[in-house]
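> I need the structure of the sequence given here:
(chains A, B, C, D and E, ligands or ions: 4)
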Amino acid sequence: QPAAPPAPTAVPAKPTEAPKPAASPAASPAASPAASPSPAAAAPAAQGTAAAKPSSMTEVSQVMNWFAQAAHGGLFAALKNGDYERANLKMTNEQGGPQISAIPLVASGKHAFGMMQGDQLLLARQEGIPLVGVFAIFQTNPQGLMFHMSNPVKDFADLNGRKVYVSPTATYWLYLVKKFNLDKAEQLAYNGQLATFLADKTAVFQCYVSSEPPAAKKQGAEVGYLLNADSGYNPYGNIMATTEQMVKEKPELVQAYVTASLAGWKSFADKPEPIISFVKEYNKDYDVELGLVAAEIEKPLLTGKSWDPKMMGLINEQRFKELHDQMREVGVLKQDQDVKKAFDARFIDAAQKA
Amino acid sequence: MGTTTRPATRNGLVEWLWRAAPPVGAFVVFVALWQVVVTLLRVPHYLLPTPSLIVGAWVDRIDILLVALSSTFLSALCGFGLSIVVGMAVALVMSQSKLLERSLYPYAILLQTIPIVAIAPLIVIWVGAGMPAVVIIAFLISLFPIITNTTTGLTSTDHNLVSMFELYNASWWQRMAKLRLPFALPYVMTGLRISSGLAVIGAIVGEFIAGIGGLRGGLGYVIVSAANRLEMAYLFAAALTSSLLGIIIFIGVSLVSARFLRHWHESAIQRDM
Amino acid sequence: MGTTTRPATRNGLVEWLWRAAPPVGAFVVFVALWQVVVTLLRVPHYLLPTPSLIVGAWVDRIDILLVALSSTFLSALCGFGLSIVVGMAVALVMSQSKLLERSLYPYAILLQTIPIVAIAPLIVIWVGAGMPAVVIIAFLISLFPIITNTTTGLTSTDHNLVSMFELYNASWWQRMAKLRLPFALPYVMTGLRISSGLAVIGAIVGEFIAGIGGLRGGLGYVIVSAANRLEMAYLFAAALTSSLLGIIIFIGVSLVSARFLRHWHESAIQRDM
Amino acid sequence: MAVVESPQTRTPSTPGPTSAPLILVDRVQKTYANGTVALEDLSFEVYEGQFVSLVGPSGCGKSTLLRVIAGLGPISAGEVLVEGLSPKRARQERADTAFVFQDATLLPWRNVLGNVDLPLELRGQPPRERRGAAMQALETVGLAEVARAYPRELSGGMRMRVSLARALAAHPRLLLMDEPFGSLDEITRQRLNGELLRICALAGWTVVFVTHNVFEAVFLSSRVLVMSRRPGRVVAEVPVELAYPRLPEVRTMPEYSGTVGKVIQLLGEA
Amino acid sequence: MAVVESPQTRTPSTPGPTSAPLILVDRVQKTYANGTVALEDLSFEVYEGQFVSLVGPSGCGKSTLLRVIAGLGPISAGEVLVEGLSPKRARQERADTAFVFQDATLLPWRNVLGNVDLPLELRGQPPRERRGAAMQALETVGLAEVARAYPRELSGGMRMRVSLARALAAHPRLLLMDEPFGSLDEITRQRLNGELLRICALAGWTVVFVTHNVFEAVFLSSRVLVMSRRPGRVVAEVPVELAYPRLPEVRTMPEYSGTVGKVIQLLGEA
Ligand SMILES: Nc1ncnc2c1ncn2[C@@H]1O[C@H](COP(=O)(O)OP(=O)(O)OP(=O)(O)O)[C@@H](O)[C@H]1O
Ligand SMILES: Nc1ncnc2c1ncn2[C@@H]1O[C@H](COP(=O)(O)OP(=O)(O)OP(=O)(O)O)[C@@H](O)[C@H]1O
Ligand SMILES: [Mg+2]
Ligand SMILES: [Mg+2]
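Ligands and ions are numbered 1, 2, ... in the order given. This is a model prediction of the structure:
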């Protein structure tokens, strides 16, 4: 595992309150659905302070959804800047990959925290996998569909008659098909091979708007994209989740993690350059130039339409409910579920309050 | 001495049951063990579902699975057929001389080891996504064992028999068709056994990376979508269906092989002395 | 008659050059053709880069590629080694009786055809992501040809030789070690040739599926990240490096094979009459 | 030399027909899987120290019979006993049977020496010891100089001699030989006949010997069994009334030619 | 019957030694890849219609020589001509050579009939015709009833007879035979000797015949060539002064035994 090099800028740990013993962990929303996780009602006194942390250095790890990249910037910033260390977390940032799914890795306890899309979180819960989202990285999901400017796609309805390369049964695609009657769009398997896209000027490809379009531009292609979120389907992007058990048994650890991560994200949004170089130490093949471009595109998406540090990481019931209803509508969710169990906003709310 | 040979006049059905019983028994034990171990060890179902869950998923979606199966079956079979033809042709060329063999093998290995994702765009652009690309990928993945085994087989011909054919002035074709190829059959058939499974894998990989959406996307599509939806029981139902497909093609090849070899090859005959 | 045998006292170096020339020549022609065809047909570089572009990319990133190569090489070799050991052991068991063969083959096929994505989470959870998982996947993918070929080989033993061993009261181990296994060697070696390439593919697929990015992520990692950034020349540089790895392991296996078979097997000896 | 002796007196250590036979073949039938009846109602016995030859038409079941005696396959009816045991158990418990098969059955990946010392290796004898025995056997058959050659580099007759050397090196008590000298020239054959007799007398081996050469059969054996065409039975038994040791001059004696003529005649009638 | 004739008169159509020989072997040397010198400075010739036997010690190069005459491999020095051409060209252009190899060399995946009609099939003869010829040849060797059996179901001698039938069915003009009767019983062997002579006389075949059985060599041949031990050379040539056709009674004639004795003596000296 790549050991996090000591952050040169690290300052001695802030004096913090001694952590209070987690006296009433039973207040976990998963355990007691009655407890409203709405921001206002969050943060019971026992664990609701942003400064809560494990009493001694604890080894934890989090797993990303891809090789280290700008979209993980805050998590690497927290590592590099020493935020995790100060929170008594000996953090390992584990990179993901094409076929690595964080869900079983977190569910089985291999990693404490894992990165997934909001809709994946609800799917996991439908399958009885007890995961709980603790903060979201993107308020506006950066997934999109890119196309060649020579064959532009004006809006989603315009996809009819086009070859669209998307991951099989991606929920957003089912939503788009249903909402815009895309029965004449030809769906093909997305395989990560963008050469197909370059070669076929009529093709439409799924993408992260911060990642593939700039790469294609760098290769000389004139591309544009539609942001899926604009269709009305906007699950949280890259939500960080842990297990119900973790929330219940070690809330102070979760709190420490969320607080430190939030600090990382704020720092990254402020000044991405050093972090991008740090990311390259993990992802050796990373293109720093593209990374900086990505960071710039992503910055407003983190908090919606424009960068607002106070919005960073927030999750709420209304967004989940909306997502839930959309997923029900396209039949991906087979029955209603209690979305309140799918997330626990207290930690990020407390962190933001601090 | 004591041992006397069994009467050869056993009832055909009983005989068949006798032959089928051990594999079936092994299967029952296997499934039971799986169910018990997974249940006892509390392996979470999203990691490894129990057989009962898988069967449930299978029954639930039998309609989709059968359509997907037939589509994958077709692609696998076409790819397999192509690799038989091409693989044997290449082996025929390579077996002509050590020199040709040494010169051509590297390209065969190149085709075998080149990651399919690298050439997927080429394939998709040239033959189009969907079934044609899937067939090509199944073909590429299942080609090499046929080349290798057939080449070894064709170069293993008994030297005395070669002399005999030469003596009777057999033409190149006669030598191939009536001597080298039949002699190589045990090798060829072993190659086909390996390739049959690879063709199925190839079809599924093809469906992953060059397939089309929806029902005609085959088992590969079903597997990826089940994985995306975290429906592990369904995923295993599809994955095991693909294995079943592999087993069926394998059995087909084995029957053909037994048919060809039963009169003469050690591996296919039952010696009574 | 006319034809007389060549003097056997040819200079060793000249001899070696003579043997190496045709493959090298073929390679030069191949590369030249590739360059010319791609240039003439104006195949866009993002579909199929020219050799010169690939070499350029290779030279540019040689440091990363070499690290990736060594990591993939290690995983492939470990996976290959594992499948040799396990594959031969399984084949040994299966060759004991038709019954065992029929009972066990389905599970071997199951392991061969089950899509790795279905069991990848299991593997990652059990042995951890990174090299252990990659080795396991390389092992799973390269296992089957060794099982199949060795089983056929072990059941093909000349019946007269079996009688002879029985007559001299050879133990089970002696029969295996001194008769069946040597007799099966041509089959085993052919199986190893197939598996060597599959182990490389397996390592790369493993790196796709369960590798870690960054520091020690082998060629699979490089290929994915190159594909993501649309750097096709770089992608091909990595892909061809993996093929090169396959070719190197293949040559190693072939040398071992020639060493074992040169005295006796038709495929390895040069007949002068 | 020319004194007519009964065969069982040749080796004083053997008790002769009054004791239990070493090999008892009793109304044996052998039917192959394809329905071919190779042996039917075949009976005879061999006593310890005897040299018994089998002659009979091609395809009459001689090789089948030897394999049955060696315990290399099941029979369909009747009984075969070797030292009172089933042939297989006798072979396994005594480890003292050798067999020169009709084909050379050499391991192609071992050189001549490696092939000859195989039986000793299988018995677990130490390498040095068995190399010595193997080289000695090779010298007996006149192949010491090709000890390092591989079978494919040998002529047909040389391969058969390697096979013969392998059986000799095994130092069996029961030696089954299926046309061991069929592909040897007259000179070599006669020399080896002499050698074989010498060794057998020395070691007290019991030999069942299949040959098509009636002269050879008579020269070597104490009894010649004549088999019928398939399905094979023993239709006649010709005792050879010539004393051991038999020197080459035996071939010029009238008893010798007489017995040969008798066997040929019986063969013609079989 | 017993009139001594010179062999070349037996088939009136053959011109005899004054014309060019059918086979000319001139100072041939054959060295195998491993350095073994199998033949050295070997010369002889065979005229059309002759029946020439080769005898010699095991491993002296008889099989090698036959293969050289058949054009199945290169020689290291000297010259071999068949009908004035290189053996390979002669064989390819005339398509009239048959070879009974020392081993049966049957195709295990073909039944007996399929093996016998192989040469005819390779020549492109229509199935019906070649089946007839094959069945006839099988009848000659006494195997018509196992026409549908596979080689593994046959005894060693039966396999050799199948191989013989294959050569007979091919109706060659030049027949090369390498110990074809070595694994046959005396009765079958004598019957087949007679058959072979009958067919050869009828069809005017030229035969080069390797055998270890000196009686057989003398009975069949017009000339017996005696080879030395390896490296093989022709050390003696014994003309057989017995008239064709040779009936079994020839074996009782003094000329016959005399010639046999002479050959055996030469063999012993070789
Ligand atoms: N594996 C087999 N399956 C069926 N029939 C067989 C098999 N082996 C031998 N036979 C038949 O059994 C009979 C006896 O065969 P065997 O080999 O014992 O003869 P043999 O006396 O040794 O003949 P030869 O002198 O030619 O060697 C033959 O007719 C043969 O066709
Ligand atoms: N492929 C080979 N490589 C090397 N040496 C060989 C090869 N074949 C034969 N020899 C050698 O050449 C010599 C002649 O062999 P050949 O088979 O011609 O003998 P032969 O006269 O037919 O003997 P036999 O009567 O035993 O059949 C032998 O000493 C043999 O060892
Ligand atoms: Mg026999
Ligand atoms: Mg020979």
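
> tell me the pLDDT at the residue of the stretch 101-250 of chain D found nearest ligand 1?
Per Cβ to the nearest ligand atom, residue D:230 is where the stretch 101-250 of chain D lies closest to ligand 1, at 4.6 Å. For glycine as for every other residue, the C-beta is placed from the backbone atoms N, C-alpha and C. As predicted, residue D:230 sits at a pLDDT of 87.

> isn't it up against residue D:38?
Yes - if you go by Cβ atoms under 8 Å, residue D:230 and residue D:38 touch, sitting 6.4 Å apart.

> tell me, what's touching these two both at once?
Counting by Cβ atoms under 8 Å, 6 or more residues apart in numbering or on different chains, the common neighbours of residue D:230 and residue D:38 are residue D:61.

> comparing these two, which residue is more hemmed in?
residue D:38 (26 against 20; other Cβ atoms under 10 Å in any protein chain shown).

> a helix runs through the more buried one, doesn't it?
No - under DSSP: H, G, I helix; E, B strand; the rest coil, residue D:38 falls outside any helix and is assigned strand.

> what stretches of the chain score poorly on pLDDT?
Just going to use chain A. A:1-48 (pLDDT under 70).

> other chain: chain D
Counting by pLDDT under 70, chain D shows low-confidence ranges at D:1-18.

> run through the helices of it in chain order.
Ranges of helices in chain D, per DSSP state H, are D:62-69, D:87-94, D:112-116, D:118-123, D:127-141, D:156-169, D:186-203, D:214-220, D:254-269.

> in TSV, list the ones you listed along with mean neighbour count.
Shown next, in TSV, are the helices of chain D (neighbours: other Cβ atoms under 10 Å in any protein chain shown):
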stretch	mean neighbour count
helix D:62-69	24
helix D:87-94	18
helix D:112-116	25
helix D:118-123	22
helix D:127-141	18
helix D:156-169	26
helix D:186-203	18
helix D:214-220	24
helix D:254-269	16
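
> now tabulate these in a markdown table and tack on distance to residue A:213.
Listed next are the helices of chain D as a markdown table, based on distance: least, Cβ to Cβ, whole Å:
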| stretch | distance to residue A:213 |
| --- | --- |
| helix D:62-69 | 79 |
| helix D:87-94 | 78 |
| helix D:112-116 | 70 |
| helix D:118-123 | 72 |
| helix D:127-141 | 74 |
| helix D:156-169 | 76 |
| helix D:186-203 | 89 |
| helix D:214-220 | 94 |
| helix D:254-269 | 96 |
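
> is it possible to get JSON lines of those that adds distance to chain B?
Formatted as JSON lines, the helices of chain D follow (distance: least, Cβ to the nearest Cβ, whole Å):
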{"stretch": "helix D:62-69", "distance to chain B": "6"}
{"stretch": "helix D:87-94", "distance to chain B": "7"}
{"stretch": "helix D:112-116", "distance to chain B": "19"}
{"stretch": "helix D:118-123", "distance to chain B": "20"}
{"stretch": "helix D:127-141", "distance to chain B": "24"}
{"stretch": "helix D:156-169", "distance to chain B": "11"}
{"stretch": "helix D:186-203", "distance to chain B": "23"}
{"stretch": "helix D:214-220", "distance to chain B": "25"}
{"stretch": "helix D:254-269", "distance to chain B": "25"}
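
> which among these is found nearest to residue B:96?
Minimum separation from residue B:96 across the helices of chain D (Cβ to Cβ) falls at helix D:156-169, 30.0 Å.

> now do the same contact list for the residue lying closest to residue A:139 once chain neighbours are set aside.
Ranked by Cβ to Cβ, 6 or more residues apart in numbering or on different chains and with sequence neighbours excluded, the top spatial neighbour of residue A:139 is residue A:304, at 4.4 Å. Residues near residue A:304 by Cβ under 8 Å, 6+ apart: A:139, A:140, A:311.

> closest to residue C:191 out of the helices of chain D?
Short answer: helix D:112-116, nearest of the helices of chain D by Cβ to Cβ, at 25.6 Å.

> can you spell out which helices and strands pack onto the closest one?
Applying 3 or more Cβ pairs under 8 Å, 6 or more residues apart in numbering or on different chains; DSSP states H and E, we find helix D:112-116 packed against helix D:127-141, helix D:156-169.

> how far away from the center of its chain is that helix?
In terms of Cα atoms, centre = their mean, to the nearest Å, the centre of helix D:112-116 is found 20 Å from the chain centre.

> same question for stretch A:178-195.
Mean-position distance between stretch A:178-195 and its chain equals 23 Å (Cα atoms, centre = their mean).

> residue ranges with poor pLDDT in the stretch 101-250 of chain B?
Short version for the stretch 101-250 of chain B, where the test is pLDDT under 70: B:214-215.

> OK, contacts around the closest residue to ligand 2 within the stretch 101-250 of chain A?
In the stretch 101-250 of chain A, the residue that lies nearest ligand 2 is residue A:193 (54.7 Å; Cβ to the nearest ligand atom). Contact analysis of residue A:193 by Cβ under 8 Å, 6+ apart lists B:117, B:120, B:121, B:209, C:227.

> got the CA positions of stretch B:110-119 in PDB?
The C-alpha trace of stretch B:110-119 is given here as PDB (Å, rounded to 0.1, in the frame of the first residue of the first chain):
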ATOM      1  CA  LEU B 110       0.300 -11.800 -30.100                       C
ATOM      2  CA  LEU B 111      -3.300 -12.400 -31.000                       C
ATOM      3  CA  GLN B 112      -3.800 -14.500 -27.900                       C
ATOM      4  CA  THR B 113      -2.200 -12.100 -25.500                       C
ATOM      5  CA  ILE B 114      -3.200  -8.700 -26.900                       C
ATOM      6  CA  PRO B 115      -5.800  -7.300 -24.500                       C
ATOM      7  CA  ILE B 116      -9.100  -7.300 -26.300                       C
ATOM      8  CA  VAL B 117      -9.900  -3.800 -25.000                       C
ATOM      9  CA  ALA B 118      -6.900  -2.600 -27.100                       C
ATOM     10  CA  ILE B 119      -8.300  -3.800 -30.300                       C
END
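
> how far does that stretch sit from the chain's center?
Relative to its chain's centre, stretch B:110-119 lies at 19 Å (Cα atoms, centre = their mean).

> ok, residue A:77 touching residue A:260?
No - under the criterion of Cβ under 8 Å, residue A:77 makes no contact with residue A:260, lying 9.9 Å away.

> between these two, which contacts overlap?
Common neighbours of residue A:77 and residue A:260 are listed as residue A:83 (criterion: Cβ under 8 Å, 6+ apart).

> quick revisit: will you turn the helices and strands packed on helix D:112-116 into CSV that also has distance to ligand 1?
Output for these, formatted as CSV (distance: least, Cβ to the nearest ligand atom, whole Å):
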stretch, distance to ligand 1
helix D:127-141, 22
helix D:156-169, 14
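
> between those, which gets nearest to residue C:182?
Of all those, helix D:156-169 sits nearest to residue C:182, with 16.9 Å by Cβ to Cβ.

> tell me which strands and helices that closest one is in contact with?
Using 3+ Cβ pairs under 8 Å, 6+ apart: helix D:156-169 touches strand D:97-100, helix D:112-116, helix D:118-123, helix D:127-141, strand D:174-178, helix D:186-203.

> A strand includes residue B:195, no?
No - checked against three-state DSSP, residue B:195 lies outside a strand; its state is helix.

> ok, and the closest non-adjacent residue to it?
Computed as Cβ to Cβ, 6+ apart, the closest residue to residue B:195 that is not its neighbour in sequence is residue B:142, at 4.1 Å.

> that neighbour: neighbouring residues, count only.
Close neighbours of residue B:142, defined as other Cβ under 10 Å, add up to 29.

> residues in contact with the nearest residue to residue B:207 once chain neighbours are set aside?
Distances taken as Cβ to Cβ, 6+ apart place residue B:220 nearest to residue B:207, at 2.5 Å, with adjacent residues excluded. Listed by Cβ under 8 Å, 6+ apart, the contact set of residue B:220 reads A:189, B:72, B:134, B:203, B:204, B:205, B:206, B:207, B:208, B:211, C:115.

> before I go, just wanted to say thanks for your time.
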